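Participant: I'd like to go over a predicted model; first the sequence, then the structure.
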There are 2 protein chains.
Amino acid sequence: MPRQHGERGDGIVEHLRDGVRRGRYVPGQRLIEADMTAELGVSRGLLREAFRRLAAEGLIEIVPNRGALVRRLSLQDALELFEIRLELEALAARRAASAPEAARRQFIKDVSYIWDNQPRVSASAYISENQNFHAAIFTLAGSGQLIQLNTQLQLSLIMAQISPSLTAEVIAQSIQEHRAIAEAIENGDPVAADAASRAHLGRARDMVVKMPSDVFRQSLHGDVETVS
Amino acid sequence: MPRQHGERGDGIVEHLRDGVRRGRYVPGQRLIEADMTAELGVSRGLLREAFRRLAAEGLIEIVPNRGALVRRLSLQDALELFEIRLELEALAARRAASAPEAARRQFIKDVSYIWDNQPRVSASAYISENQNFHAAIFTLAGSGQLIQLNTQLQLSLIMAQISPSLTAEVIAQSIQEHRAIAEAIENGDPVAADAASRAHLGRARDMVVKMPSDVFRQSLHGDVETVS
DNA sequence: AACAACAATATTGTTCGACAATCTTGTTCG
DNA sequence: CGAACAAGATTGTCGAACAATATTGTTGTT
């Protein structure tokens, strides 16, 4: 954790990203500067720079004169993000399936945990498995820009918001679909990988629609809202 | 320009974005804090927050201990971005073509300049026309998340880098393709809009590949590079 | 008890000055 | 000409300060 000169801000950013992933910070939670500077041992200036980065990434929001809070997606946000993710992950899957065989073989090793038949011990275990799996596809796809864009898709937030409502059946179904994607990639079949990705994300999308509505922030009525 | 409490940073961000668009700042140029604080009349802290936002957006880069500079894309960066843009803009075009008729009609009015048959007076005139046109499609698509992601696609940088090598023929060709996209949207035909978008961006991509190589930064040899 | 109005407190927005770490440039020496 | 070093420029980080705004607490009234 002791980062060197010029990279201290990275540590803060990582702390927050990780904190949201593991539920230490939850969507809607306000992030008070005084508290965080005390806890992390950094100056306000550095903390505020980190906040700005994360806000641009879409993980937190900064409301003028009210400061930073972990972003809480509306259902509309989530659906728009799923729609985008569908396209980008299909692209990534195609690229991944076209990667050199050695790289694909390594990928299969890296995600071997998806073949485990034991029921996942906890929702959070599945959440991190899921994040890892999707990240591995983007990595194998080998496009720096895709990896970068993937951070804007807010998988952490979606998982954090729906995780209390996750059922064992939904998880089991997802794992099956992960295997289908992985197999298509292993076989070097871009068309199948594309299709399997779309099927997986389409189903995940439908699942989200059926969630209790208080999982999401009430969406603004306006036509289009941007996030600074 | 006198923004109010809590929104001063927005002005700086806007200034930089605009500056890159109009060529006031060019890819590769270093942005010295002392100079910019003097010119913009803001404190270093605020300026650095703005830098962090823009770096997360991908418009500038921050190199530890060397500060901020306008990002200069490698050919690989540009191609990866085109590949992604192809998918996202096709999505946006489909959505746009499915928008209510009133909105589509308004869109056609907003982009009526594309029907002008006069040759564009300057490369920069075409550049701003192009940016406007593509932004209008994303706006009509009505997805806040898509609009947000569009900022990561770095159209400004690509244009800034290739603009010295733009020819009248290439511009004329692009304008034709813009018209095809607009017509498909006007007719409410998502399939045609999708196809026209893909054709346009595919051709633009091919054009970029043929550019003189010194237009782009020499790409790093590594497998994948991320931009913080 | 509910509520309005106000005061007290907390929190953010912004600036300034300081100093160490690092990079850049200029100069001198071999 | 190039290495080595010194001088200067620039960034990274901190802390203190104060105004603007938001939040909470208190009081008095109905």
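Facilitator: Happy to help now that I have it.
Participant: right, and A:Glu89 touches A:Ala141 too?
Facilitator: No - A:Glu89 lies out of contact with A:Ala141 (CB atoms under 8 Å); the separation is 9.3 Å. (Each C-beta comes from the backbone N, C-alpha and C, glycine too.)
Participant: list the contacts for the closest residue to A:Gly202 other than its chain neighbours?
Facilitator: Of all residues not flanking A:Gly202 in the chain, A:Leu86 sits nearest, at 6.8 Å (CB to CB, 6 or more residues apart in numbering or on different chains). A:Leu86 is in contact with A:Ser197, A:Arg198, A:Leu201, A:Gly202, A:Arg205, counting by CB atoms under 8 Å, 6 or more residues apart in numbering or on different chains.
Participant: what mean pLDDT would you report for the host helix or strand of A:Leu86?
Facilitator: Here A:Leu86, judged by DSSP states H and E, is contained in helix A:75-97. Averaging pLDDT along helix A:75-97 gives 98.
Participant: ok, the residue minimising distance to the centre of chain A to DNA strand C distance?
Facilitator: Averaging the C-alpha coordinates of chain A gives a centre point, and the residue nearest to it by CA atoms, centre = their mean is A:Leu155 (2.3 Å). From A:Leu155 across to DNA strand C, the span is 26 Å (CB to the nearest atom of the strand, to the nearest Å).
Participant: distance check, the nearest residue to that residue once chain neighbours are set aside against chain B.
Facilitator: Distances taken as CB to CB, 6+ apart place A:Gln131 nearest to A:Leu155, at 6.0 Å, with adjacent residues excluded. Look at A:Gln131 and chain B: by CB to the nearest CB, to the nearest Å, they are 17 Å apart.
Participant: so A:Gln131 is in which element?
Facilitator: helix A:123-141.
Participant: by contact count, what packs against that helix?
Facilitator: Judged by 3 or more CB pairs under 8 Å, 6 or more residues apart in numbering or on different chains; DSSP states H and E, helix A:123-141 is in contact with helix A:8-21, helix A:75-97, helix A:101-110, helix A:144-150, helix A:155-162, helix A:168-186.
Participant: minimum distance to B:Gly6: which of the ones you listed has it?
Facilitator: For B:Gly6, the closest of the helices and strands packed on helix A:123-141 is helix A:8-21, at 21.0 Å, according to CB to CB.
Participant: pairing partners for the next helix or strand after the closest one, with directions?
Facilitator: Going down the chain from helix A:8-21, the next helix or strand is strand A:30-31, by DSSP H and E. Applying DSSP bridges, strand A:30-31 is found paired with strand A:67-70 (antiparallel).
Participant: do the partner strand and DNA strand C come into contact?
Facilitator: Yes - Strand A:67-70 lies within reach of DNA strand C by CB under 7 Å from any atom of the strand, at A:Gly67, A:Ala68.
Participant: tell me which element the closest residue to A:Val170 other than its chain neighbours is part of?
Facilitator: Excluding its sequence neighbours, the residue lying closest to A:Val170 (CB to CB, 6+ apart) is A:Met207, at 5.9 Å. Secondary structure assigned from DSSP H and E places A:Met207 in helix A:190-209.
Participant: run the angle between that helix and helix A:168-186 for me.
Facilitator: For helix A:190-209 against helix A:168-186, the angle by axes from the mean of the first three to the mean of the last three CA atoms, to 10 degrees is 160 degrees.
Participant: which residue ranges make up each domain of chain A?
Facilitator: Per the record, chain A has its domains at A:8-70, A:75-214, by automatic domain parsing.
Participant: who in chain A is up against DNA strand D?
Facilitator: Within chain A, the positions near DNA strand D by CB under 7 Å from any atom of the strand are A:3, A:5-9, A:41-46, A:64-66.
Participant: filter these by proximity to DNA strand C?
Facilitator: Among the residues of chain A next to DNA strand D, the ones lying near DNA strand C by CB under 7 Å from any atom of the strand are A:His5, A:Gly6, A:Arg44, A:Gly45, A:Pro64, A:Asn65, A:Arg66.
Participant: quick revisit: the residue nearest to A:Leu155 touches A:Arg22, doesn't it?
Facilitator: No - A:Gln131 lies out of contact with A:Arg22 (CB under 8 Å); the separation is 10.7 Å.
Participant: now do the same contact list for A:His15.
Facilitator: Neighbours of A:His15 in contact, by CB under 8 Å, 6+ apart: A:Leu40.
Participant: now the helix holding A:Gln131 - C-alpha only, PDB.
Facilitator: Extracted in PDB, the C-alpha atoms of helix A:123-141 (Å, rounded to 0.1, in the frame of the first residue of the first chain):
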ATOM      1  CA  ALA A 123     -23.600 -14.500  -2.900                       C
ATOM      2  CA  SER A 124     -20.300 -12.500  -2.600                       C
ATOM      3  CA  ALA A 125     -18.300 -15.600  -3.700                       C
ATOM      4  CA  TYR A 126     -20.400 -15.700  -6.900                       C
ATOM      5  CA  ILE A 127     -20.100 -12.000  -7.400                       C
ATOM      6  CA  SER A 128     -16.400 -12.100  -7.400                       C
ATOM      7  CA  GLU A 129     -16.400 -15.200  -9.600                       C
ATOM      8  CA  ASN A 130     -18.600 -13.400 -12.000                       C
ATOM      9  CA  GLN A 131     -16.500 -10.200 -12.100                       C
ATOM     10  CA  ASN A 132     -13.400 -12.200 -12.600                       C
ATOM     11  CA  PHE A 133     -14.900 -14.200 -15.400                       C
ATOM     12  CA  HIS A 134     -16.100 -11.200 -17.400                       C
ATOM     13  CA  ALA A 135     -12.800  -9.400 -16.800                       C
ATOM     14  CA  ALA A 136     -10.900 -12.400 -18.100                       C
ATOM     15  CA  ILE A 137     -12.800 -12.300 -21.400                       C
ATOM     16  CA  PHE A 138     -12.000  -8.600 -21.900                       C
ATOM     17  CA  THR A 139      -8.300  -9.300 -21.100                       C
ATOM     18  CA  LEU A 140      -8.200 -12.200 -23.500                       C
ATOM     19  CA  ALA A 141      -9.800 -10.000 -26.200                       C
END
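Participant: burial of A:Ala55, as a residue count?
Facilitator: Using other CB atoms under 10 Å in any protein chain shown, the number of residues around A:Ala55 comes to 21.
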